Structure formats: C-alpha cells, structure tokens
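Chemist: here is the input, now give the coordinates:
(chains A, B, C and D)
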2 protein chains.
Amino acid sequence: MAGGERRSQILREAMNLFSKHGFRGTTTKEIAQASGVSEAMVFRHFATKEELYNAILDYKVCATGTEHPEELLREIASGKDDRFVFETLALRALEFHKSDPEFQRLLLHSALEGHQLARMFWERMVLHIYEILGNYIRERQKEGAFREVDPLVVVRAFTGMLIHHSLNNNLWDKEQTLLKISNEDAAREFTDILLRGITANKSNDNTGKSVRFKIQQPEKKSGKR
Amino acid sequence: MAGGERRSQILREAMNLFSKHGFRGTTTKEIAQASGVSEAMVFRHFATKEELYNAILDYKVCATGTEHPEELLREIASGKDDRFVFETLALRALEFHKSDPEFQRLLLHSALEGHQLARMFWERMVLHIYEILGNYIRERQKEGAFREVDPLVVVRAFTGMLIHHSLNNNLWDKEQTLLKISNEDAAREFTDILLRGITANKSNDNTGKSVRFKIQQPEKKSGKR
DNA sequence: GTCTATATAGCGATAGAC
DNA sequence: GTCTATCGCTATATAGAC
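Modeler: Residues are numbered from 1 along each chain as shown, chains lettered A, B, ... in the order given. Alright, predicted model coming up:
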C-alpha cells in the first residue's frame, strides 16, 4: 500500500481508538492491529505516539476549522433575523456533534489530560463564538430588541444547551432513552426558550411574533435566597 | 498509622490523582508517593488498582447521594414559587460543582472510559432530576403558568446551562478569563432566561412578575426548516 | 503496618532481514 | 514497505523480612 494511504489509514484507526480510550488508554499495538499492520509500521509513519496524537489533533482541528469557519458564523450573524441566527447556529452545532461524536470525545479527553487540542480549540472556536455571537446580542440590545443582560451569559446559556445536549447523546444516553428528539426540533425548542428568555419587554419584534412583557422588578441586584 | 486512617488517606490522594489524570493515567506508584507510603501499602489496603478505583467511585457517589438527595430535590420542587425552585436548584448545582471540581472530572473520565460510576450517577441522580423537575414543569403547564413545551427539553436546557457553565469553570477556563460571574448571579441569570423562556402567554403569574405574551404561532408541531 | 526486593507482563520504540 | 524479534523501561502486583 502507498505511504500516504497507509498513513491516513493508521491516522483514522488511531483517531477512533484515541477518542474511545484517550491517549494513555490506547496502545500502539492496538492501533497497529486495528490498522492491520505491525507496530513497526506505525512508528515508521509516526516517530512517536505523541507525534501521532498531534497529527490527529491537527487534522481534526483543521477539518473542523473548514467546517466551522468563523466566516460562516459571521455571515449567519450578519442578518437581523434572530430566530434564523440562533436556530441555524444550533442546528449546525447539533448536526456537527452528531455527525462526528469522535470529536467531542477527543476534545474531552484532551481537556481532561490537559493536552493542547483543548487550548487550540478554545482559541480557534470558542473565543470566536463568544465574540461574534456576543456582539450580535449586544447590537440587538442597543436596538431594544433584547433586554439588558450580559451577552456572554446568554452565549454561555445557549451553547450550554447545545453542547450539553450533544454530550448527552454522545456520551451518556446514546440510545436516547431519556429524551429522544430530532436535531431540528431540539434546535427550534432551544432557540424558542432562549429568544423568549432574552427578548425585551417592549414589543419590538422581527421574528414573526409579537411579544409583550410587563415586568415589575423588585429584584435585588445580587439575589440571595 | 491506624489501618482505617491510612486507608482513607490513600483513598483521598488516589481520588485527587484519578480526577486529574483518569484511571489509566494514574500509576499506583504516584498514589503511593502522594500518600507518603510504599507501593506495597497501597496493595495491602486495596487488592488491585481497580478495587481502589471502585472504592473511590462508591465513596463519591455515596457522598454525593447525601449532599444531593432526591428528597431535598422533591422538597424544593414542592412549592409553587417557580423562581425559587429553579434558582435554588441552579445555585446548589453550581456550588456543588465549584466546591468539588474533582467530582465532575471523575465523572467525565468515568463516562469516557465507560466505567460504572457514569451509569450509577445517571441512575441515581440524572433520572431523578428529570423526573422530579419534569413533573413540576408538567404541573405548572396544567395550571397554565408555563407554555406547552416538552418538559424534558426544558430540563435538558436548564441542566445544560448549569453543567456546561460548571464544566467551563472547572475544565476549560479555570481563571474565568472569558466570563467571570458569581454563582449567585449565574443562577439568577440562567433562571431568568429559562423562566421567561417557558412562561405562558396568558398572564398567570406567581413569581412577583406580571408577564404577557401575545404570540402568533404558525408553527408546525414538528418543525422542518 | 511498613518496608525492600522482586516477579511478571505490557508498554513504546528500535534493529535488521526481506 | 513490511515484517519478526527484541530492547529498555515502567506498570501492576507479590514475597518475605522487620
């Protein structure tokens, strides 16, 4: 078999195993067997196990980079259709994690082991999402469409719903015995909750809905209970 | 040192190391050194490494069981003060994960490694939360306080915000460079978003707020987009 | 209870033939 | 490019002295 082909085959199998058992939990022997070659072959293509792992992380991050580019994110958020923005984002995230559960596992292992993928992903993806989506929310607040609430908290809340839901499906409840719902429905419901949750009191609507809030707020700034 | 004392000391150190590096990532030698004893001592108290791990998981699950009993959960949800229910729950969850970040890491490692702690935790905690909180929501829907939406989806959304936020603080952004917020404030904001997100259209209020929704909903039940 | 010393197995990685 | 054989090391676990 040609060098490049074999290499990518080993990479694929290793990716699968690392995502299942983590870096330390996967042996080079297992990788070799899964790839149908001897251990020596693995080390011919990748000098060390660490190098193999890095190659995977690079590959995954790059592949994700093209799938989840900040450009696209920016484009989605460039409109003013709140429902479209949040629901599209949600559906894309849910579909991504569904189509590639390996990635989430790899990412988690990496974060737990303190590996660099975690940091790379954080810097390349997470920060951008918070920045772009945060800015979108901030703008809509200025326009009076969203109520006053820390945009970063809103992003945290929304990504929390999405990532936690994906994590549930990928890690905890793969058969979805507890909650079975299509990604389309989930994206819509989560968006529903969030948008109603942050829509401003005054009727100022562009989602095809007319929403009114009249709120008496005797709340203290720092709620104690 | 007395047997029981030494045993619990080893258990503590092992817990710390396992939470940091996972099962396979932690060596018995490290555990012994951290405990200030020889490796032989570790194996005197725990026949195998696996047994030590199980002891930890048992301990953690039991300790958590007393901290997070379903009774308390039920009691919290027995009232009809929506804000109190959700905010108290949120604050407790956030405080718990903050006070014991080890647990979340241990749980995650366990889930990734397919260990039994994950299943135990799922059955003892997660199912109860979904059941009890889901029932609460269902009741409030019957009373017309909450709009019609799958209660399980609401629980998923809310727990998603909380767990993901804790995970961020414990795993990804320990210094909270991206979003620094007290647990009290976070609990309040998340509750705010959720409650506004699921409050019914008609004014039917018991949270000290008067809320009005007027919504034209040409939505299909199973949304395709 | 605690240690040193050791058994045994599996790991990552290499040598060298083909 | 691919293999078998093997090295050096570290891992879990045990034996036996004190």
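Chemist: got the contact list for A:His21?
Modeler: Residues near A:His21 by CB atoms under 8 Å, 6 or more residues apart in numbering or on different chains: B:Arg24, B:Glu113. Heads up, the C-betas are built off the backbone N, CA and C, glycines and all.
Chemist: distance check, it against DNA strand C.
Modeler: To DNA strand C, A:His21 is 10 Å away according to CB to the nearest atom of the strand, to the nearest Å.
Chemist: just the pLDDT at the closest residue to A:Asn54 other than its chain neighbours, thanks.
Modeler: Leaving aside its chain neighbours, A:Asn54 sits nearest to A:Gln116 (7.9 Å; criterion: CB to CB, 6 or more residues apart in numbering or on different chains). As predicted, A:Gln116 sits at a pLDDT of 77.
Chemist: please verify my assumption that A:Gln116 contacts A:Leu57.
Modeler: Yes - the pair A:Gln116 / A:Leu57 is scored as a contact, 7.0 Å apart, by CB atoms under 8 Å.
Chemist: looking at the two, which is more packed in?
Modeler: Using other CB atoms under 10 Å in any protein chain shown as the criterion, A:Gln116 and A:Leu57 rank with A:Leu57 on top: 21 against 13.
Chemist: how many residues are close by A:Ala157?
Modeler: Residues lying near A:Ala157 (other CB under 10 Å) number 29.
Chemist: so where's chain A uncertain?
Modeler: A:67-69, A:202-225 (pLDDT under 70).
Chemist: what does chain A have sitting close to DNA strand C?
Modeler: Residues of chain A found near DNA strand C (CB under 7 Å from any atom of the strand) are A:Thr26, A:Thr27, A:Thr28, A:Lys29, A:Glu30, A:Glu39, A:Ala40, A:Phe43, A:Ala47, A:Thr48, A:Lys49, A:Glu50.
Chemist: of the residues you listed, which pair is most distant in space?
Modeler: The largest separation in these, counting by CB to CB, is between A:Glu30 and A:Ala47 at 18.5 Å.
Chemist: the two - which one has more neighbours?
Modeler: Set side by side, A:Glu30 and A:Ala47 show more neighbours around A:Glu30, with 16 against 9, by other CB under 10 Å.
Chemist: show the contacting residues for the residue of chain A found nearest DNA strand D.
Modeler: Among the residues of chain A, A:Gly3 lies closest to DNA strand D, at 2.2 Å counting by CB to the nearest atom of the strand. By CB under 8 Å, 6+ apart, the residues touching A:Gly3 are A:His45.
Chemist: anything in contact with each of A:Gln116 and A:Leu57?
Modeler: Common neighbours of A:Gln116 and A:Leu57 (criterion: CB under 8 Å, 6+ apart): A:Ser110.
Chemist: sorry, back to before: mind checking how far the residue of chain A closest to DNA strand D is from chain B?
Modeler: 31 Å (CB to the nearest CB, to the nearest Å).
Chemist: how near is that residue to A:Glu30?
Modeler: If you measure A:Gly3 against A:Glu30 using CB to CB, to the nearest Å, the figure is 22 Å.
Chemist: up against DNA strand D, what does chain A have?
Modeler: Near DNA strand D, when you scan chain A using CB under 7 Å from any atom of the strand, you find A:Met1, A:Ala2, A:Gly3, A:Arg6, A:Gly36, A:Val37, A:Ser38, A:Glu39, A:Ala40, A:Met41, A:Arg44.
Chemist: what count of nearby residues applies to the second one?
Modeler: Using other CB under 10 Å, the number of residues around A:Ala2 comes to 7.
Chemist: again with A:Glu131
Modeler: 17.
Chemist: just A:Asn170 next, same as before
Modeler: 19.
Chemist: also the one 10 residues further on?
Modeler: A:Lys180 is flanked by 11 other residues according to other CB under 10 Å.
Chemist: can you give me the helices for chain A?
Modeler: Assigned by DSSP state H, chain A shows helices spanning A:3-21, A:28-35, A:39-45, A:49-67, A:70-76, A:82-99, A:101-112, A:116-121, A:127-142, A:151-167, A:183-198.
Chemist: please identify which of those is closest to B:Lys180.
Modeler: Distance to B:Lys180, taken as CB to CB, is lowest for helix A:151-167 among those, at 9.3 Å.
Chemist: does chain B sit close to the closest one?
Modeler: Yes - remark: helix A:151-167 sits within contact range of chain B at A:Leu152, A:Val153, A:Val154, A:Arg156, A:Ala157, A:Thr159, A:Gly160, A:Met161, A:Leu162, A:Ile163, A:His164, A:His165, by CB under 8 Å from any CB of the partner chain.
Chemist: tabulate the residues you listed (a markdown table), appending distance to B:Phe86.
Modeler: Formatted as a markdown table, these follow (distance: CB to CB, whole Å):
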| residue | distance to B:Phe86 |
| --- | --- |
| A:Leu152 | 21 |
| A:Val153 | 15 |
| A:Val154 | 17 |
| A:Arg156 | 16 |
| A:Ala157 | 13 |
| A:Thr159 | 19 |
| A:Gly160 | 14 |
| A:Met161 | 15 |
| A:Leu162 | 20 |
| A:Ile163 | 20 |
| A:His164 | 16 |
| A:His165 | 18 |
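Chemist: what distance do you get for the residue of chain A closest to DNA strand D to B:Leu73?
Modeler: Applying CB to CB, the value for A:Gly3 to B:Leu73 is 58 Å.
Chemist: then A:Asn169?
Modeler: 24 Å.
Chemist: A:Pro159: what's it in contact with?
Modeler: No Pro there; residue A:159 is Thr. A:Thr159 makes contacts with A:Ala93, A:Ile129, B:His164, as judged by CB under 8 Å, 6+ apart.
Chemist: next one: the closest residue to the last one other than its chain neighbours from A:Ala90, what distance?
Modeler: Put plainly, it is B:His164. Residue nearest to B:His164 in three dimensions, not counting chain neighbours: A:Gly160, with 3.2 Å by CB to CB, 6+ apart. Going from A:Gly160 to A:Ala90 by CB to CB gives 12 Å.
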